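# Okay, sequence plus prediction incoming.
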Amino acid sequence: MPLDHLIAQHSHQLTPAERRVAQILLEQPQLVAFGTVSDLANAAQAGVATVSRLSSKLGFSGFSDLQATLQQGMAEKLLPAAVRIKEHSNSSIAQHLQLEIHNLHRTLERLDSDSLAAVVKALADLNAHVALLSGNASAGVVQQWMEDLCALRPDVQSLAGNPVQVGRNIAQLNQNDVLVVVDLRRYDAWVIHAVKMAHELGVRIFAVVDSVLSPLAQYAEQTLVVCAEGAGPFDSHVGTLALFNVIAAGVAQKLKSTATERLEQAENAWRGANLLIER
């Protein structure tokens, strides 16, 4: 099982110190693969004993076993990475291109099929109301995704406005409804509070985040992780948008008959009102 999946599987059992170590495993695998147990402990501001406990919780016999697994995984990636570096110039555009390709591949390659199927099934349930909640940074891509989902099915809403308005809307959800929360580090505090409130109400929650150790993951029935590395000062949403496209395609397939009728009605209305120009 990939390391990020292992960490996600055990995330609810980790102490704060173990979570810091796990975060280093995810963010700096090269430090773990080629460093010492002390290097990892110092980077996570934790003790060597904490590293050992985490290794055991993840199913490894110890740090050496964990390190060997990471070394093997990185060795498989070294040659392709070296080839890519030689093939591309050092221009700014080339760097952005390579990074966005990495975001796209990393997001979709580590997408767990069972988690994806659960999210698609929940969003295709026409008996459930769907609410989308986003942090400020990802609001734009979530808005586009909401419009795609609205074209496929009814009862989809974006929870926006101030925290009081969002809280009032969440209070109206019930246990049959679905809340999808999307946010990246650093997480908006009000988003976490809103998700906690939905969790206490028994609402089904799915999270789209950039780490299995996100504080939002602890409330989620399923967590989908996106890669959002940016070459500039801002996070990239290329991987997030690609994930949304995959989910929307799955929902469309599940709702093929009703979604087709819904799309045809919208198309006929647009054509009848001459709202679109095709050339």
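Cool, the structure landed.
# helix/strand/coil for Val180?
Taking DSSP: H, G, I helix; E, B strand; the rest coil as the rule, one finds Val180 in the strand state.
# and the gap between it and Val142?
To Val142, Val180 is 8 Å away according to CB to CB, to the nearest Å. Bear in mind the C-beta positions are built from the backbone N, C-alpha and C, glycine included.
# The two: who's more crowded?
It is Val180, of Val180 and Val142, that has more neighbours when counted by other CB atoms under 10 Å, with 28 against 25.
# Would you mind pulling the contact partners of stretch 155-170?
Contacts of stretch 155-170 with the rest of the structure, by CB atoms under 8 Å, 6 or more residues apart in numbering, involve 126, 128-134, 139, 142-143, 146, 149-150, 179, 190, 193-194, 197-198, 201, 203.
# Just the buried residues of those residues.
Buried subset of these (neighbour count, 16 or more other CB atoms under 10 Å): 128-134, 142, 146, 149-150, 179, 190, 194, 197-198, 203.
# Next, Arg20: phi, psi?
When quoted as degrees, to the nearest 10, the phi and psi of Arg20 stand at phi -70, psi -40.
# And for it, the neighbour number?
The burial count assigned to Arg20 is 18, neighbours taken as other CB under 10 Å.
# I'd like the numbering to begin with 14 instead of 1 from here.
In the new numbering, first residue 14, that becomes Arg33.
# re the thing from before, shared neighbours, Val193 and Val155?
Listed contacts common to Val193 and Val155 are Leu145; contacts here mean CB under 8 Å, 6+ apart.
# Following element in sequence after the lowest-mean-pLDDT helix or strand in the chain, please.
Taking mean pLDDT, DSSP states H and E as the measure, the helix or strand of the chain with the lowest value is helix 76-100, at a mean of 65. Under the assignment DSSP states H and E, the closest C-terminal helix or strand after helix 76-100 is helix 105-122.
# Remind me what that following helix packs against, helices and strands.
In this structure, helix 105-122 packs against helix 251-267, with contacts taken as 3 or more CB pairs under 8 Å, 6 or more residues apart in numbering; DSSP states H and E.
# re the thing from before, next step: the contacts of stretch 168-183 restricted to strands.
Among these, DSSP state E puts 143-147, 192 in strands.
# Output those residues as CSV; include the columns distance to Ala282 and pLDDT.
Listed next are these as CSV, based on distance: CB to CB, whole Å; pLDDT from 0 to 100:
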residue, distance to Ala282, pLDDT
Val143, 22, 97
Ala144, 26, 97
Leu145, 24, 97
Leu146, 29, 96
Ser147, 28, 94
Leu192, 30, 97
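# Pull the most distant pair out of those.
Of all pairs drawn from the ones in strands among the contacts of stretch 168-183, the one with the largest separation by CB to CB is Val143 and Ser147; the distance is 13.4 Å.
# Overlap in contacts, those two.
Overlap between the contact sets of Val143 and Ser147, as judged by CB under 8 Å, 6+ apart, is nil.
# The stretch 114-263 of the chain: helices as residue ranges?
In the stretch 114-263 of the chain, the segments counted as helices under DSSP state H, counting those that start in this stretch are 126-136, 152-165, 176-184, 202-213, 251-267.
# how about the last one: buried residues?
Of the residues in helix 251-267, those buried by neighbour count under the rule 16+ other CB under 10 Å are 251-257, 259-261, 263-265, 267.
# which ones are touching Arg275?
Arg275 makes contact with 164-166, according to CB under 8 Å, 6+ apart.
# For Pro15, state which of the residues you listed is nearest.
Of all the contacts of Arg275, Pro15 sits closest to Leu165, with 30.7 Å by CB to CB.
# How many residues are close by that closest one?
A count of neighbours around Leu165, defined by other CB under 10 Å, yields 21.
# any chance of the contacts of Arg275 in a markdown table, plus pLDDT and distance to Val34?
Written out in a markdown table, the entries for the contacts of Arg275 read as follows (pLDDT from 0 to 100; distance: CB to CB, whole Å):
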| residue | pLDDT | distance to Val34 |
| --- | --- | --- |
| Ala164 | 92 | 44 |
| Leu165 | 94 | 42 |
| Arg166 | 94 | 42 |
